[in-house]
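sequence-free structure coming up:
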């Protein structure tokens, strides 16, 4: 059962640059799964990529660093993010289309 009295946080991170059609979502999903982050990643209509993740703060900050690196053919200009309260849990991690 989900408890608000834990150290889990929710992050909404937006990657800007050449981040679509370069394997960026798969790269993010792979790292999120390895780190134990639940949530999703999706393309935005304006060419950016959004990741929503739930984990402890240190793990989510590590994910942002991976997002800043990106896969080989990506060119990440910036990753901006905000913290949100965890209202509901998300099971697993998925790539949304």
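Yes, it's here. These numbers come from a predicted model, not from an experiment. Numbering: from 1, shown residues only.

secondary structure element for residue 9?
strand 8-18 (DSSP states H and E).

just residue 34 next, same as before
Per DSSP H and E: helix 24-35 holds residue 34.

quick one: buried residues of that helix?
Within helix 24-35, the residues that count as buried by 16 or more other Cβ atoms under 10 Å are 24, 25, 27, 28, 29, 31, 32, 35. Every C-beta, even on glycine, is put in place using the N, C-alpha and C of the backbone.

now stretch 79-92
Applying 16+ other Cβ under 10 Å to stretch 79-92 flags 79, 81, 86 as buried.

first to last residue in stretch 31-41, what's the distance?
11 Å (Cα to Cα, to the nearest Å).

Give me the residues contacting it.
For stretch 31-41, the surrounding residues in contact (Cβ atoms under 8 Å, 6 or more residues apart in numbering) are 10, 25, 28-29, 49-55, 59-60, 62-63, 66, 89-96.

I'd like to know which of these are buried.
Among the contacts of stretch 31-41, those scoring as buried are 10, 25, 28-29, 49-55, 59-60, 63, 66, 93-94 (criterion: 16+ other Cβ under 10 Å).

That concludes my questions; thank you for your assistance.
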